[in-house]
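**Student:** sharing a model prediction with you, sequence too.
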Amino acid sequence: MASGTEIISRLGDEHVRTGYPIVYTSADSVFQVAAHESVIPLEMLYDFCDKARKMFVGDKALGRIIARPFTGESGSYKRTHNRKDYSLKPTSRTIMEAIRESGQEVAAVGKIEDIFDGIGITKAVHTNGNADGVVKTLEYMGEVEKGLIFTNLVDFDMAFGHRNDVAGYANALVEFDKGLTDILRSMREKDMLIITADHGCDPTTPSTDHSREYIPVLVYGRNIKEGTDLGTLTSFSDIGQTVLEYLNVSGEGIKGTSFGSRIFR
(Lines give C-alpha, C1' and ligand atoms only; values in the text may rest on other atoms or scores of the structure.)
Protein backbone atom coordinates (compact mmCIF):
# COMPACT_ATOMS: atom_id res chain seq x y z
CA MET A 1 0.00 0.00 0.00
CA ALA A 2 1.46 3.35 -1.06
CA SER A 3 0.86 6.50 -3.05
CA GLY A 4 1.52 6.22 -6.77
CA THR A 5 4.40 8.68 -6.72
CA GLU A 6 6.04 7.00 -3.71
CA ILE A 7 5.81 3.50 -5.15
CA ILE A 8 7.52 4.28 -8.46
CA SER A 9 10.25 6.18 -6.62
CA ARG A 10 10.81 3.24 -4.28
CA LEU A 11 10.48 0.35 -6.75
CA GLY A 12 11.03 1.97 -10.17
CA ASP A 13 14.67 0.97 -10.45
CA GLU A 14 13.95 -2.65 -9.53
CA HIS A 15 11.10 -2.70 -12.04
CA VAL A 16 13.35 -1.42 -14.84
CA ARG A 17 16.06 -3.97 -13.90
CA THR A 18 13.77 -7.01 -13.65
CA GLY A 19 10.95 -6.14 -16.05
CA TYR A 20 8.40 -7.11 -13.37
CA PRO A 21 5.38 -4.80 -13.03
CA ILE A 22 4.79 -2.92 -9.77
CA VAL A 23 1.56 -3.97 -8.07
CA TYR A 24 0.17 -1.88 -5.22
CA THR A 25 -2.99 -0.53 -3.64
CA SER A 26 -4.05 2.64 -1.79
CA ALA A 27 -6.73 3.83 0.62
CA ASP A 28 -9.33 3.29 -2.11
CA SER A 29 -10.86 0.03 -3.35
CA VAL A 30 -8.27 -0.34 -6.11
CA PHE A 31 -5.63 -2.70 -7.52
CA GLN A 32 -2.96 -0.71 -9.37
CA VAL A 33 -0.31 -1.88 -11.81
CA ALA A 34 2.55 0.51 -12.60
CA ALA A 35 5.07 0.03 -15.39
CA HIS A 36 7.63 2.09 -17.28
CA GLU A 37 6.39 2.60 -20.82
CA SER A 38 9.76 1.54 -22.26
CA VAL A 39 9.83 -1.68 -20.19
CA ILE A 40 6.23 -2.86 -20.51
CA PRO A 41 4.42 -1.44 -23.56
CA LEU A 42 1.07 0.22 -22.92
CA GLU A 43 -0.97 -2.47 -24.66
CA MET A 44 0.65 -5.16 -22.53
CA LEU A 45 0.02 -3.15 -19.34
CA TYR A 46 -3.61 -2.67 -20.37
CA ASP A 47 -3.88 -6.41 -21.01
CA PHE A 48 -2.55 -7.16 -17.50
CA CYS A 49 -5.23 -4.87 -16.05
CA ASP A 50 -7.98 -6.30 -18.22
CA LYS A 51 -7.13 -9.77 -16.90
CA ALA A 52 -7.03 -8.48 -13.33
CA ARG A 53 -10.44 -6.86 -13.78
CA LYS A 54 -11.90 -10.27 -14.60
CA MET A 55 -10.31 -11.71 -11.43
CA PHE A 56 -11.45 -9.12 -8.89
CA VAL A 57 -15.20 -9.73 -8.91
CA GLY A 58 -17.69 -11.49 -6.64
CA ASP A 59 -16.37 -11.87 -3.09
CA LYS A 60 -13.04 -10.44 -4.32
CA ALA A 61 -14.68 -7.41 -5.96
CA LEU A 62 -12.66 -4.20 -6.16
CA GLY A 63 -13.94 -0.86 -7.41
CA ARG A 64 -11.20 -0.29 -9.96
CA ILE A 65 -8.14 -1.82 -11.57
CA ILE A 66 -5.83 1.01 -12.64
CA ALA A 67 -3.03 0.95 -15.22
CA ARG A 68 -0.36 3.41 -14.06
CA PRO A 69 2.26 3.93 -16.79
CA PHE A 70 5.28 6.14 -16.11
CA THR A 71 8.40 7.39 -17.87
CA GLY A 72 11.71 9.02 -16.92
CA GLU A 73 14.99 7.96 -15.38
CA SER A 74 16.07 6.81 -11.92
CA GLY A 75 15.33 9.56 -9.42
CA SER A 76 12.94 11.38 -11.75
CA TYR A 77 10.20 8.91 -12.71
CA LYS A 78 6.95 10.60 -13.72
CA ARG A 79 3.48 9.16 -14.28
CA THR A 80 1.93 9.85 -17.67
CA HIS A 81 -1.58 10.65 -18.89
CA ASN A 82 -1.87 7.15 -20.41
CA ARG A 83 -3.48 5.93 -17.20
CA LYS A 84 -6.51 3.72 -17.74
CA ASP A 85 -9.19 2.66 -15.24
CA TYR A 86 -11.08 -0.64 -15.39
CA SER A 87 -14.14 -0.20 -13.18
CA LEU A 88 -16.91 -2.37 -11.86
CA LYS A 89 -20.15 -1.55 -13.58
CA PRO A 90 -22.34 0.79 -11.49
CA THR A 91 -24.30 -1.26 -8.95
CA SER A 92 -27.52 0.71 -9.50
CA ARG A 93 -29.12 3.07 -12.01
CA THR A 94 -27.19 6.29 -12.66
CA ILE A 95 -28.25 9.76 -13.73
CA MET A 96 -26.33 9.22 -16.97
CA GLU A 97 -28.54 6.29 -17.89
CA ALA A 98 -31.65 8.33 -17.10
CA ILE A 99 -30.44 11.24 -19.24
CA ARG A 100 -29.50 8.98 -22.14
CA GLU A 101 -32.86 7.16 -21.98
CA SER A 102 -34.62 10.53 -22.19
CA GLY A 103 -33.05 11.05 -25.62
CA GLN A 104 -30.43 13.54 -24.47
CA GLU A 105 -26.66 13.28 -24.79
CA VAL A 106 -24.10 12.38 -22.13
CA ALA A 107 -20.65 13.52 -23.25
CA ALA A 108 -17.77 12.34 -21.04
CA VAL A 109 -14.42 14.17 -20.89
CA GLY A 110 -11.33 12.64 -19.28
CA LYS A 111 -11.50 9.44 -17.21
CA ILE A 112 -15.31 9.64 -16.74
CA GLU A 113 -15.91 6.93 -19.36
CA ASP A 114 -13.53 4.58 -17.54
CA ILE A 115 -14.90 5.30 -14.06
CA PHE A 116 -18.46 4.38 -15.09
CA ASP A 117 -17.40 1.63 -17.53
CA GLY A 118 -19.14 3.51 -20.35
CA ILE A 119 -22.60 3.05 -18.81
CA GLY A 120 -25.06 5.74 -19.91
CA ILE A 121 -22.48 7.63 -22.00
CA THR A 122 -23.26 8.60 -25.59
CA LYS A 123 -19.84 10.00 -26.55
CA ALA A 124 -16.47 10.20 -24.82
CA VAL A 125 -12.98 11.58 -25.23
CA HIS A 126 -9.87 11.10 -23.11
CA THR A 127 -7.51 13.96 -22.28
CA ASN A 128 -3.87 14.83 -21.70
CA GLY A 129 -4.21 17.04 -18.65
CA ASN A 130 -6.31 19.94 -17.43
CA ALA A 131 -5.77 22.29 -20.35
CA ASP A 132 -6.75 19.58 -22.83
CA GLY A 133 -9.79 18.80 -20.68
CA VAL A 134 -10.96 22.41 -20.95
CA VAL A 135 -10.43 22.38 -24.72
CA LYS A 136 -12.39 19.13 -25.13
CA THR A 137 -15.18 20.50 -22.91
CA LEU A 138 -15.44 23.61 -25.08
CA GLU A 139 -15.63 21.43 -28.19
CA TYR A 140 -18.49 19.41 -26.70
CA MET A 141 -20.24 22.64 -25.69
CA GLY A 142 -20.37 23.45 -29.39
CA GLU A 143 -21.71 19.99 -30.29
CA VAL A 144 -24.15 18.95 -27.55
CA GLU A 145 -27.60 20.48 -28.04
CA LYS A 146 -29.16 19.12 -24.88
CA GLY A 147 -27.86 16.90 -22.12
CA LEU A 148 -24.87 16.56 -19.78
CA ILE A 149 -21.19 17.24 -20.37
CA PHE A 150 -19.32 15.47 -17.55
CA THR A 151 -15.65 16.54 -17.28
CA ASN A 152 -12.84 15.37 -14.99
CA LEU A 153 -9.70 17.50 -14.73
CA VAL A 154 -7.18 15.00 -13.41
CA ASP A 155 -4.06 17.15 -12.88
CA PHE A 156 -5.22 18.70 -9.61
CA ASP A 157 -5.21 15.19 -8.12
CA MET A 158 -2.66 13.18 -10.08
CA ALA A 159 0.01 15.75 -10.93
CA PHE A 160 -0.06 18.07 -7.92
CA GLY A 161 -2.23 16.94 -4.98
CA HIS A 162 -0.65 13.49 -4.65
CA ARG A 163 2.82 14.98 -5.10
CA ASN A 164 2.37 17.69 -2.45
CA ASP A 165 3.28 20.19 -5.16
CA VAL A 166 1.79 23.39 -3.74
CA ALA A 167 3.21 25.69 -6.41
CA GLY A 168 2.07 23.35 -9.20
CA TYR A 169 -1.42 23.12 -7.70
CA ALA A 170 -1.65 26.92 -7.38
CA ASN A 171 -0.54 27.39 -10.99
CA ALA A 172 -3.10 24.79 -12.14
CA LEU A 173 -5.83 26.83 -10.41
CA VAL A 174 -4.66 29.98 -12.20
CA GLU A 175 -4.63 28.17 -15.56
CA PHE A 176 -8.09 26.73 -14.95
CA ASP A 177 -9.38 30.22 -14.12
CA LYS A 178 -8.23 31.30 -17.57
CA GLY A 179 -9.97 28.35 -19.21
CA LEU A 180 -13.07 29.00 -17.12
CA THR A 181 -13.37 32.41 -18.78
CA ASP A 182 -13.74 30.69 -22.15
CA ILE A 183 -16.30 28.27 -20.73
CA LEU A 184 -18.41 31.09 -19.28
CA ARG A 185 -18.30 32.96 -22.57
CA SER A 186 -19.46 29.84 -24.42
CA MET A 187 -22.44 29.14 -22.16
CA ARG A 188 -25.87 29.54 -23.71
CA GLU A 189 -28.99 31.06 -22.16
CA LYS A 190 -30.20 27.83 -20.53
CA ASP A 191 -26.84 26.23 -19.70
CA MET A 192 -25.93 25.40 -16.09
CA LEU A 193 -22.34 24.97 -14.93
CA ILE A 194 -21.49 23.01 -11.78
CA ILE A 195 -17.90 22.96 -10.49
CA THR A 196 -17.31 20.31 -7.86
CA ALA A 197 -14.95 17.45 -6.92
CA ASP A 198 -14.97 13.78 -5.97
CA HIS A 199 -12.73 14.30 -2.91
CA GLY A 200 -10.03 16.53 -1.53
CA CYS A 201 -6.38 16.14 -2.45
CA ASP A 202 -4.75 18.95 -0.48
CA PRO A 203 -1.08 19.37 -1.49
CA THR A 204 -0.25 20.97 1.89
CA THR A 205 -1.16 17.98 4.08
CA PRO A 206 1.62 15.66 5.35
CA SER A 207 0.07 12.72 3.50
CA THR A 208 0.22 12.25 -0.26
CA ASP A 209 -3.19 10.55 -0.22
CA HIS A 210 -6.70 12.02 -0.55
CA SER A 211 -7.40 14.48 2.24
CA ARG A 212 -11.11 13.61 2.27
CA GLU A 213 -12.50 17.00 3.28
CA TYR A 214 -15.94 18.14 2.13
CA ILE A 215 -16.09 19.13 -1.53
CA PRO A 216 -16.96 22.54 -3.05
CA VAL A 217 -20.16 22.95 -5.06
CA LEU A 218 -20.28 26.07 -7.23
CA VAL A 219 -23.28 26.57 -9.55
CA TYR A 220 -23.56 29.20 -12.29
CA GLY A 221 -25.93 30.06 -15.12
CA ARG A 222 -28.25 32.79 -16.38
CA ASN A 223 -31.18 30.82 -14.90
CA ILE A 224 -29.42 30.42 -11.53
CA LYS A 225 -30.11 32.76 -8.60
CA GLU A 226 -27.14 34.76 -7.39
CA GLY A 227 -25.75 34.65 -3.87
CA THR A 228 -27.45 31.45 -2.66
CA ASP A 229 -25.62 29.70 0.17
CA LEU A 230 -26.27 25.97 -0.26
CA GLY A 231 -24.88 25.21 3.17
CA THR A 232 -23.73 21.64 3.78
CA LEU A 233 -25.48 19.19 1.48
CA THR A 234 -26.34 15.67 2.60
CA SER A 235 -24.67 13.74 -0.22
CA PHE A 236 -22.88 13.80 -3.57
CA SER A 237 -26.13 12.46 -4.97
CA ASP A 238 -27.88 15.79 -4.36
CA ILE A 239 -25.86 17.22 -7.24
CA GLY A 240 -27.04 14.44 -9.55
CA GLN A 241 -30.69 14.93 -8.62
CA THR A 242 -30.36 18.67 -9.28
CA VAL A 243 -28.96 17.95 -12.75
CA LEU A 244 -31.87 15.61 -13.49
CA GLU A 245 -34.40 18.22 -12.39
CA TYR A 246 -32.77 20.90 -14.53
CA LEU A 247 -32.86 18.61 -17.57
CA ASN A 248 -36.47 17.61 -16.78
CA VAL A 249 -35.53 13.94 -16.48
CA SER A 250 -37.19 11.48 -14.10
CA GLY A 251 -34.90 10.27 -11.34
CA GLU A 252 -36.95 7.20 -10.48
CA GLY A 253 -34.79 4.64 -8.70
CA ILE A 254 -31.94 7.12 -8.17
CA LYS A 255 -31.13 8.49 -4.72
CA GLY A 256 -30.58 12.13 -3.89
CA THR A 257 -32.43 15.31 -2.95
CA SER A 258 -32.43 18.15 -5.48
CA PHE A 259 -31.54 21.65 -4.32
CA GLY A 260 -32.98 23.10 -7.54
CA SER A 261 -35.86 24.89 -5.80
CA ARG A 262 -33.29 27.00 -3.99
CA ILE A 263 -31.27 28.07 -7.02
CA PHE A 264 -33.42 27.86 -10.19
CA ARG A 265 -35.04 31.13 -11.27
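**Tutor:** Structure's in. What do you need?
**Student:** which residues does residue 67 bridge with?
**Tutor:** residue 33, residue 84 (DSSP bridges).
**Student:** and it, what does it touch?
**Tutor:** Neighbouring residues of residue 67 by CB atoms under 8 Å, 6 or more residues apart in numbering: 33, 35, 42, 45, 46, 48, 49, 82, 83, 84, 85, 86. In short, each C-beta sits where N, CA and C put it, glycine included.
**Student:** would you check that residue 119 makes contact with residue 89?
**Tutor:** Yes - with contact defined as CB atoms under 8 Å, residue 119 counts as touching residue 89 (6.0 Å).
**Student:** which one's more surrounded, those two?
**Tutor:** Higher neighbour count among residue 119 and residue 89: residue 119, with 16 against 9, using other CB atoms under 10 Å.
**Student:** tell me which residues of stretch 232-252 are tucked away?
**Tutor:** Using 16 or more other CB atoms under 10 Å as the test for burial, stretch 232-252 gives 233, 237-247, 249, 251.
**Student:** straight-line length of that stretch, end to end?
**Tutor:** 24 Å (CA to CA, to the nearest Å).
**Student:** average pLDDT across that stretch?
**Tutor:** Taken as a whole, stretch 232-252 has an average pLDDT of 94.
**Student:** what does stretch 89-97 give?
**Tutor:** 93.
**Student:** try stretch 207-225
**Tutor:** On average, stretch 207-225 scores 89.
**Student:** start and end of it, how far apart?
**Tutor:** OK, stretch 207-225 end separation, CA to CA: 38 Å.
**Student:** stretch 252-262 now?
**Tutor:** Stretch 252-262 stretches 21 Å from its first residue to its last (CA to CA).
**Student:** what's the answer for stretch 72-85, then?
**Tutor:** Note: stretch 72-85 ends 22 Å apart using CA to CA.
**Student:** which of the buried residues of stretch 232-252 fall within helices?
**Tutor:** Members of those lying in helices (criterion: DSSP state H): 237, 238, 239, 240, 241, 242, 243, 244, 245, 246.
**Student:** who touches stretch 99-112?
**Tutor:** Outside stretch 99-112, the residues touching it (CB under 8 Å, 6+ apart) are 83, 85, 96, 116, 120-127, 133, 136-137, 140, 143-154, 243-244, 247-250.
**Student:** rebuild the buried residues of stretch 232-252 as JSON lines, extending it with distance to residue 53.
**Tutor:** Listed next are these as JSON lines, based on distance: CB to CB, whole Å:
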{"residue": "233", "distance to residue 53": "32"}
{"residue": "237", "distance to residue 53": "26"}
{"residue": "238", "distance to residue 53": "31"}
{"residue": "239", "distance to residue 53": "28"}
{"residue": "240", "distance to residue 53": "25"}
{"residue": "241", "distance to residue 53": "30"}
{"residue": "242", "distance to residue 53": "32"}
{"residue": "243", "distance to residue 53": "29"}
{"residue": "244", "distance to residue 53": "30"}
{"residue": "245", "distance to residue 53": "34"}
{"residue": "246", "distance to residue 53": "34"}
{"residue": "247", "distance to residue 53": "32"}
{"residue": "249", "distance to residue 53": "30"}
{"residue": "251", "distance to residue 53": "29"}
